[in-house]
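Asks: Curious how this folds, go ahead:
(chains A and B)
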Number of protein chains: 2
Amino acid sequence: MREFEFIDWIRSQSRFDPAVVRVGPGDDAAVVAWAGRRVLVTVDQALDGVHFELARHGPQQAGRKAMARSLSDVAAMAGRPWAAVASVALPQGAGADLAQNLYMGLRKLADEFACPLVGGDVGAWTGPLAISVTVLAVPDGVEPVLRGGAKPGDAICVSGALGGAWRGLRHLSFMPRVHEARILAGRYGLHAMIDLSDGLASDLRHVCRASGVGARISAAAVPISPDVDCQNPPERLRRALCDGEDYELLFALPMEQARDLVRRQPLGVQVSLIGQCTDQQDVVLAHDDGRVEPLPAGGYEHTTQAR
Amino acid sequence: MREFEFIDWIRSQSRFDPAVVRVGPGDDAAVVAWAGRRVLVTVDQALDGVHFELARHGPQQAGRKAMARSLSDVAAMAGRPWAAVASVALPQGAGADLAQNLYMGLRKLADEFACPLVGGDVGAWTGPLAISVTVLAVPDGVEPVLRGGAKPGDAICVSGALGGAWRGLRHLSFMPRVHEARILAGRYGLHAMIDLSDGLASDLRHVCRASGVGARISAAAVPISPDVDCQNPPERLRRALCDGEDYELLFALPMEQARDLVRRQPLGVQVSLIGQCTDQQDVVLAHDDGRVEPLPAGGYEHTTQAR
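Replies: Prediction:
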């Protein structure tokens, strides 16, 4: 069973009180309400051998990445981080050094986002290092942006440049786009947003499914990272679309606003307009020579593949 | 490094805005505030080979226990559960059955406490099954009860009966004392509370350290579970004090109130008055024959020992 199929199944099992659960499973974060206040909550894991290699990257980078992944989910909702908790399963025999360095990795990034690390759980076991980070966030004046609001005709934009994140170690060093997302959602009428963890090809499909739209991506407009080191143009494009772990923002908004955004470039990081939502079912890639093909199906699928 | 030493180290590293972080690391849950509203947040893990044995107990029991452990932390603060998120690292090749049964175990218990499971993360890896559950809770009219408020002269009480939780499979089937804790904290002036996960001998020391008090426990008053199957009286007592995973409530309150509580027994589960806080440093066990000895040092220590 693939991850999104499992989430569909979970959604089919869930019955929520809409006064309490404003957004349930299947978005980048849940939104829960109490006494008129909304809180965003998201959890993400960083696992040795999947999201990092402890022996190669060390505990501080592992901790940083774990925190960054959850903060990136908050960014995808345009939330303002509030507080975090972390659980850590330590390999048996791990010394105090490992635990302390891991903590420093978590803490340092959390501090940069004014997101206090307020609690956690640590245990030793026979398995590899597993980290789970939950981040709470608040709307704080910016309406949460979901995956499901894209409309036919909307522009599709992406921040940064894509592909080769593992080769360039960007999968460890990336800055979650928390501030960028709040600027975008504060100034523009975003209809949908997601952070690119699985790769554009896969994550765009999540937005299209949730929104009930199709998409047409212009191959020439996809920003390819310098970390993509091959020369072959179709392969370069495939990597940008499928490598994953870019942790950039993919979002949909009215075309007029997108044009304004791309002209102004208010984020510090480049925003590219790469395509448009359609009223079709499919997600296609349009080449400059007129060829139109299905967007490659690839992208990182958490339940079927370990990196 | 032992778990509490690591938490002490973390506390020494932490600088919080007291307006946001009302209670930080080292209690059963953190308390964070936003715009005048307080939220409790706690995370706990359930790991294959430590907290359950997947091959023996199955995924549904594993999921249930993971949820129960975090709800028990909420109980220890007298919080009202609000929402939960879970992360799951699945052993490679685990089928949809395992994932679905695990989810059902999480869900069923969460439903019993009106605590919607609103999100999560699932991934496959080469390690064993690891589950992490974060529960959010709200005070909802009951002030959170911390570990650090016990005073010399306070009575020390415990719910239920202790020891043999693994033999009796109570470590899987226990009901988190959420409702009981809210009755206690709503009607009595509790000074401190903790849930018994590591064992009374260990958890009482956490309360004493946090409160700056000593304790004197009456050996004859310690309620021993029928799950303790040996006949030797000192060994029976040792098991009740040290086995751990009872997930009962240990709490301190003024002696007069404790006497009233024990007379009324308002919880459905028996409350026992087992001792008293002192102005000494040490935690001792007083026998009926007049002998006084240090409380056994045992108890389950998560970072030094796997079960």
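Asks: Is A:Pro223 in contact with A:Gly163, as I believe?
Replies: No. A:Pro223 is not in contact with A:Gly163 according to C-beta atoms under 8 Å; the separation is 9.1 Å. Where C-beta positions appear, they are placed from N, C-alpha and C, glycine not excepted.
Asks: Neighbour count: those two, which is higher?
Replies: Under the neighbour definition other C-beta atoms under 10 Å in any protein chain shown, A:Pro223 and A:Gly163 were set side by side, and A:Gly163 has more, 31 against 17.
Asks: For that one, give its distance to chain B.
Replies: 22 Å (C-beta to the nearest C-beta, to the nearest Å).
Asks: Distance check, that residue against A:Ser225.
Replies: 5 Å (C-beta to C-beta, to the nearest Å).
Asks: overlap in contacts of the two?
Replies: A:240, A:246 (C-beta atoms under 8 Å, 6 or more residues apart in numbering or on different chains).
Asks: rewinding a little: list the residues that contact both of A:Pro223 and A:Gly163?
Replies: A:Ala240.
Asks: can you map out the helices along chain A?
Replies: Assigned by DSSP state H, chain A shows helices spanning A:3-13, A:54-76, A:96-112, A:170-173, A:178-187, A:200-211, A:233-242, A:255-264.
Asks: looking at those helices, which is closest to chain B?
Replies: helix A:96-112 (4.0 Å; C-beta to the nearest C-beta).
Asks: what helices or strands is that closest one leaning on?
Replies: Other elements packing on helix A:96-112 under the criterion 3 or more C-beta pairs under 8 Å, 6 or more residues apart in numbering or on different chains; DSSP states H and E are helix A:54-76, strand A:80-91, strand A:117-125, strand A:130-138, helix B:3-13.
Asks: Make TSV from the ones you listed and add distance to B:Leu71 and mean pLDDT to it.
Replies: Formatted as TSV, the helices and strands packed on helix A:96-112 follow (distance: least, C-beta to C-beta, whole Å; pLDDT from 0 to 100):
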stretch	distance to B:Leu71	mean pLDDT
helix A:54-76	22	98
strand A:80-91	15	98
strand A:117-125	14	96
strand A:130-138	15	98
helix B:3-13	20	89
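Asks: for the helices of chain A, which one ends up most surrounded?
Replies: helix A:54-76 (a mean of 25; mean count of other C-beta atoms under 10 Å in any protein chain shown).
Asks: quick one: low-confidence ranges for the stretch 151-300 of chain A?
Replies: In the predicted model of the stretch 151-300 of chain A, residues A:298-300 satisfy pLDDT under 70.
Asks: Could you check how far the residue nearest the centre of chain A is from A:Val142?
Replies: Nearest to the mean C-alpha position of chain A, by C-alpha atoms, centre = their mean, lies A:Asp195 at 2.6 Å. Distance, A:Asp195 to A:Val142, by C-beta to C-beta: 16 Å.
Asks: if we can go back for a sec, may I ask you to confirm that the residue nearest to the centre of chain A is in contact with A:Glu245?
Replies: No. Contact criterion C-beta under 8 Å: A:Asp195 and A:Glu245 do not qualify, at 10.4 Å.
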